[in-house]
Structure formats: C-alpha cells, structure tokens
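Q: give me a 3D structure for the following:
(chains A and B)
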Amino acid sequence: MKISARAERTLLPSHRTCHRHVWVAIEAPEAPARGQRPPVNIGFVLDRSGSMGGGKFRLAQEAVAQGIARLEARDRFSVVVFDSEVELVFPSQPATAEARRGAVAALSRYSPRGSTDLGGGWLLGCGQVGEHLSEEAVGRCLLLTDGQANVGIVDTPTLCHHARELRARGVSTSTFGVGQDFAEDLLGAMADAGGGAFRYIENAERIPGIMDQELGETLEVVARRVVLELSLPAGVTVSAVGPYEVEFGPGLARIALPDLVSAQLFELPLKLGLPAGPVGQGLEIGLRLHDAEGVLANLMARMGFTWATREEAGAEVRSVEVDRFIAQRYAARAMQEAARRNREGDFAGAAAALQGVARRVREYAGKDAELQEVAQKLDDEAQAYQAPVTEHKRKADFAASQAMTSSRDQMGQRARWKA
Amino acid sequence: MSHEPLSFAGFCERAGVSERTVRYYVTQGLLPSPGAGRSARWTEEHLQRLQLILQLRDKHLPLAEIRLTLEAMTAAEVGDLVAVQRVEPRPSSASEYVQKVLAGMRPVAGPPGAAPGHAAAPAPHPPLARSTWERVPLSPDVELHIRRPLTREQDRRVQRLLTVAQDLFRPEKP
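A: Down below sits the predicted model:
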C-alpha cells in the first residue's frame, strides 16, 4: 500500500511560469480475508426494449441470476427493467436465499418490447440503491443497454449531472453497452461521472461474464469515497488529465477518485501550473489520500521542484517513463474525442484531435521508440478517422481508451499491483 | 430543547438517523460510547456531534477526516460549528434526489454537497408527466427535436421534413 508521484522534470525556469506533468500511482491494500468485506448494495438495471430480443435479454437475465448468487444476506440488491416504461421488478431487499430465488423468478416473467427510457430506468435503480444505503455499504448501479436513450431524459449532460450527484451521495454507476446500436459516448460519460466502469460487450454471449467481472470487483472494494488531496503553495494550479474534476480550497485541491479494489494499481496523470521564482529556491507539493474508513489515511507523498536558470532548466533530462505514461493518457483522450467527433460526422475534427496530440508527443519523444510509436499510431488512426469508421471500431476504440483513462486494462478490468 | 438523556431509539429518532448508522459511527470512533446496556446515556453532546458528522459528511469529507476534526474539538466548539453549519441546508440523500428528479424537478447544478435547489416541501401536485422528446442530429451543430406521440398526419409530415433535412445536412464528399 503506497502512493508515489513523479514529475517529468523537477527544475523550473526562474524567469517564467511553466507546466509540469506528474504521474501519481496509488497501490490499494489487499482485501481482508473473505467474510470481512463491506456489504454491497447493488441495483441491476436492464434494458428490455424490443432490440434486446434474439437472446440478449435472456443472457442479461442470466447475468443477474449469476450476480445475485454471489451476494450474501448482509448485502442488498434490486432489479429494474425499462423499455418505454420503467418497472421495478424486485424492490431492494437483503440478499437472502429466498429473495434471490424470488428475484430470478420475477425477472423470468419479463420479455423484450418497446423503446428505451434509459434515464428513467437507471434513476429508479439508483433510487432503490439509495433508499437502503447504509453508511458502510458499497452502493452501485449496474446499467445494461443495447440502445440509445429515446424516451424521458435523453441528453448526456443531464444524465451525467445526475450520475455525478448520485455518486456524491454514495451510489456509483457502471454501464454496459451491448452490440452496435448503443451510444458509447453517453454510457462512457455516465460511467466517468458516476465513478464506475464502462464496458463494451460486442457479443451478447459475453453479457454474463463481463457483468460478473464488474460485480466481482465491486465485492473486492477496500476503499470507498477516495479523495486525493494536494497541498498547493501559492501560485500553483493543478488539473487532471482525464475524467476527474478538481475542487479547490484554500491552499489545497481535492480530486474524488473511484472506489479502489483489493491490490488495485490506480494511476492518475496530473498537470501542474507552476510560478516563476528565485534560482536555487524551491517549492513542495504534498499529496494525501482520504477515504470513508480511513484505510488509506496514512498514505502521503511529497514532490519537490527547484527554480533554476533558463539554461539549466532547459538542459534537464526528462523522465522517459513519466513521458510515456503521460503520452499514453493524452493519446487515449484524443482517441475518445476522435470517436465522438466521427460519430457526429465531424471527420476533419476527429483527425485533427489525433494529429494534434501526435505532434505534441513528437516534440518531446526524441529517439524513444515507445513514444515515437504512440505518435505514429495516432497518425495512423487519424487516417482512419477522417472518414466514417465502423460501429464496432468506434466502440472498441472508445471503450479501450476510456478504460485507459480510468486506469483499467484493455479488457476493462482494473489494473492490479499484485496478481 | 430537553437536555434529559435519551434512549437509543429516541436518540436515533430525534437525530433522524437509522440505528445502524449510529452504531456504525460509534464503532468507527466518531461518536463517543454512551455506555453499555441500560446505563447507556445518549446526551445533547452526542446529538450535536452527530449533527456535525452529518453536516461534514454531506460536504463529502471522508469519515477518517471527520474523526480527526472531532477529536480536536471540545463540546462547546462542536456546538458552535453545528450552529454555523446549520445555516446551509442539508443536501438530500440519493433516494430523495432521485425522487425529485423523477418528479420532474431537476435540482440545480452545483458542486457535490451543494444544497439542491428544490429542497422545499414536496410538490402539492402529482408528478408531472414526462415529455418524450426524440432528438435527430443533422450535423454536429444542428439537431431536430420532436415531441412524441404525434398524430398520423403530423408523423407523415415529420418524416418528409426529416428526409429533406437529412439530405440538406449530408456531409459533402471530399
């Protein structure tokens, strides 16, 4: 269990303000022995619109049955389905054997039909989680859909606003997009705002397996309501390169992070704005973690920067490891932007987003093969994205990039420092 | 306000907090133990501490930090801070938030912990019927909004409109 922070350079030019990027790595502790995990409160929300026919809804039912079979009586769960109407299939209850059987039986009576009130279904699911959310429980809503929101609340900013507000109230959201017809930017943005994961399920056969992975990770949460706090000297600003908002207080900044699971490696890129100052003197930035139970309370790190002459600062050797990490994250963000613009028909904008980052990476890549490869891949993708790409490519690229910006692997699973 | 010690149930009711949550705060060291069994005494000091915990929690301070804050405070300081914090209304819970949204009253946007803009008494009327809007993007900057359901004639006209509009905004070939 530790936190570390490394900047790509630590000398600052004394005569002007500058930016430095920082690689923050957090190693979450391992979960205690089985039986001691915090209780979970899960809301399953399933799309039952007509397009979920052809076996997809049956596999979603199977996924829910598998999921609730993993819960214990001290956990709670609820099941909601939605098409143009929203129905509470099974109100939030402790996951006793009787309740688990009852929920499976109740859900088996539903079949696909109608259109998609995604917002209404998801909100009802979150409401069920929130209604019985105890202070120590992990609250999560799992939303599965294969379509686009076309009834009720349909716009992304409003749904993301609600996801953010509900996360702040203890209910996070993970989203699962099935097939080729859902809006990946909506589900990705909801998961980012909701502090959960977005998973692209190309083949419906994988619905149970992927939902099971996400539920399994929820059962392994070791730190909830995690906040990274930075103590900032005068004149220093900070922003996150990724889907994390920074709140500022007097002399400090706070960044709310997702729940951390057992032995998770969570990596966060930050961009610092640093002031000018006298040669030979320096400034120090402190990092400290907070969480609901104080599991991470003693984790702290410090970063020091020193002002130097223009020549000394310019000659400092960059940390190639930090540069590679930062370049990958900017590349992932550009890929998400390109996917969104391509979907909207802005093909020139999609290509420009990728080429812009490729150009900036080359400015500091030098002869490093890995950085040159990042830039080359962006240029190659720019070629592809200047024309319409297939639904599958766009969704797969978006999901892989979104996974990277939220510190997950290409399969969407959280990275671990210990297997 | 009575200063007589309260029973556990009475204390929880007065605070508006579940018994489970209060027990959790005691086990986490946020609230001092009231004593064991029948000799347990839930006092005004407990109540003020609990109010401050809830207020700080609603500002999304981690419980560990709340505990550190409380450890360094006297009972009088806790009372003073509760009075100051009380000026700001408590934000709703997740389920209250959802109820308001589903009732068609979207709380005002704000940072986590900010008080929702519609925290007043429940609406005297039944929930508003939700509008069903269909959005049809025509270009990155232009979209058509259609409220359903439409009459058959309106629907036919909308289909004609969409055909023309989509043709107008079709991206030009390079």
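
Q: show me where the stretch 151-300 of chain A has strands.
A: A:171-178, A:195-201, A:221-223, A:226-231, A:237-240, A:246-249, A:252-257, A:260-261, A:265-274, A:282-290, A:300-308 (DSSP state E, counting those that start in this stretch).

Q: by mean pLDDT, show me the worst of these.
A: Of all the strands of the stretch 151-300 of chain A, the minimum mean pLDDT falls on strand A:246-249 (a mean of 82).

Q: buried residues in that strand?
A: For strand A:246-249, a neighbour-count test (16 or more other Cβ atoms under 10 Å in any protein chain shown) marks nothing as buried. Backbone N, C-alpha and C define where each C-beta goes, glycine included.

Q: what about that strand, near chain B?
A: Yes: on the criterion Cβ under 8 Å from any Cβ of the partner chain, strand A:246-249 is in touch with chain B at A:Glu247.

Q: residues making contact with that strand?
A: A:238-240, A:253-256, B:111 (Cβ atoms under 8 Å, 6 or more residues apart in numbering or on different chains).

Q: and those, which are buried?
A: Using 16+ other Cβ under 10 Å, the buried members of the contacts of strand A:246-249 are A:238-240, A:253-256.

Q: please list the residues of the stretch 101-250 of chain A that sit near chain B.
A: For the stretch 101-250 of chain A, the residues in contact with chain B (Cβ under 8 Å from any Cβ) are A:120, A:123-124, A:126-131, A:133-136, A:139, A:150-155, A:158, A:161-162, A:164-171, A:225, A:227, A:247.

Q: return a ChimeraX selection command for the buried portion of those residues.
A: Buried residues among these (16+ other Cβ under 10 Å), as a ChimeraX selection:
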select /A:120,123,124,126,127,128,129,130,131,133,134,135,136,139,150,151,152,153,154,161,162,164,165,166,167,168,169,170,171,225,227
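
Q: now, which of the residues of the stretch 101-250 of chain A next to chain B lie within helices?
A: A:120, A:123-124, A:126-131, A:158, A:161-162, A:164-168 (DSSP state H).

Q: send the alpha carbons of stretch A:71-83 over as CSV?
A: Provided in CSV are the C-alpha atoms of stretch A:71-83 (Å, rounded to 0.1, in the frame of the first residue of the first chain):
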residue,chain,number,x,y,z
LEU,A,71,-24.3,-12.0,-2.8
GLU,A,72,-24.7,-12.7,0.9
ALA,A,73,-27.6,-12.0,3.3
ARG,A,74,-25.9,-8.8,4.6
ASP,A,75,-25.9,-7.4,1.0
ARG,A,76,-28.9,-5.9,-0.7
PHE,A,77,-30.0,-5.9,-4.3
SER,A,78,-32.8,-4.7,-6.5
VAL,A,79,-33.8,-5.3,-10.1
VAL,A,80,-35.3,-2.7,-12.6
VAL,A,81,-36.3,-3.2,-16.2
PHE,A,82,-37.1,-0.5,-18.7
ASP,A,83,-38.4,0.0,-22.2
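
Q: now do it, average pLDDT.
A: 93.

Q: flag every buried residue along it.
A: Applying 16+ other Cβ under 10 Å to stretch A:71-83 flags A:71, A:75-83 as buried.

Q: in chain A, mark out all the helices, start to finish.
A: A:56-69, A:97-108, A:118-131, A:156-168, A:184-194, A:207-218, A:310-315, A:320-344, A:347-365, A:369-385, A:391-405.

Q: say whether chain B is contacted by the longest one.
A: Yes: applying Cβ under 8 Å from any Cβ, one finds helix A:320-344 in contact with chain B at A:341, A:344.

Q: how far off centre is that helix?
A: Remark: helix A:320-344 is offset 14 Å from the chain centroid, using Cα atoms, centre = their mean, to the nearest Å.

Q: for the residue nearest to A:Gln93 when sequence neighbours are not counted, grab the count of nearby residues.
A: Among residues not flanking A:Gln93 along the chain, A:Ala99 sits closest, at 4.6 Å (Cβ to Cβ, 6 or more residues apart in numbering or on different chains). By the criterion of other Cβ atoms under 10 Å in any protein chain shown, A:Ala99 has 19 neighbours.

Q: quick one: A:Ala99 from A:Ile3, how far?
A: Here the criterion is Cβ to Cβ, to the nearest Å. By it, A:Ala99 lies 40 Å from A:Ile3.

Q: start and end of stretch A:311-321, how far apart?
A: 23 Å (Cα to Cα, to the nearest Å).

Q: list the buried residues for it?
A: A:313, A:319-320.

Q: again with stretch A:24-41
A: A:24-31, A:37-41.

Q: would it count as contacting chain B?
A: No: figure legend: stretch A:24-41 not in contact with chain B (Cβ under 8 Å from any Cβ); closest approach 10.1 Å.

Q: and the end-to-end length of that stretch?
A: Calculated as Cα to Cα, the first-to-last residue distance of stretch A:24-41 is 30 Å.

Q: how many residues are close by A:Glu391?
A: So A:Glu391, with other Cβ under 10 Å, has 15 neighbours.

Q: that one: what's its closest spatial neighbour, skipping adjacent residues?
A: A:Gln180 (4.0 Å).

Q: where exactly do the strands run in chain B?
A: In chain B, the strands defined using DSSP state E lie at B:132-139, B:142-148.

Q: rank those strands by pLDDT, which is bottom?
A: The minimum mean pLDDT among the strands of chain B belongs to strand B:132-139 (a mean of 61).

Q: show me where pLDDT drops low in chain B?
A: When residues are selected by pLDDT under 70, those of chain B lie in B:1-3, B:58-62, B:83-91, B:104-137, B:140-141, B:143, B:145, B:147-152, B:171-174.

Q: try 50
A: B:1-2, B:87-90, B:105-131, B:174 (pLDDT under 50).

Q: ok, now which ones touch the residue in the stretch 51-200 of chain A positioned nearest to chain B?
A: Across the stretch 51-200 of chain A, no residue is closer to chain B than A:Gly130, which sits at 2.6 Å (Cβ to the nearest Cβ). Residues near A:Gly130 by Cβ under 8 Å, 6+ apart: A:139, A:166, A:169-171, B:93-98.

Q: make it 7 Å
A: Applying Cβ atoms under 7 Å, 6 or more residues apart in numbering or on different chains, we find A:Gly130 in contact with A:139, A:169, A:171, B:93-95, B:98.

Q: which non-adjacent residue is nearest it?
A: B:Ala94 (2.6 Å).

Q: that neighbour against A:Leu166, yeah?
A: Yes: look at B:Ala94 against A:Leu166 with Cβ atoms under 7 Å: they come within range, at 5.4 Å.

Q: and for those two, which residues touch both?
A: With Cβ under 7 Å, 6+ apart as the test, B:Ala94 and A:Leu166 both reach A:Cys126.

Q: related to what we said a few turns ago, list the residues that contact the residue nearest to A:Gly130.
A: Neighbours of B:Ala94 in contact, by Cβ under 7 Å, 6+ apart: A:126, A:129-130, A:133, A:166, A:169-171.

Q: how much space separates the closest residue to A:Gly356 other than its chain neighbours from A:Val374?
A: Leaving aside its chain neighbours, A:Gly356 sits nearest to A:Ala334 (7.2 Å; criterion: Cβ to Cβ, 6+ apart). In this view, A:Ala334 and A:Val374 are 10 Å apart by Cβ to Cβ.

Q: higher neighbour count, those two?
A: A:Ala334 (25 against 21).

Q: and the pLDDT at A:Pro275?
A: A:Pro275 carries a pLDDT value of 92.

Q: run a quick neighbour tally on it.
A: 15.
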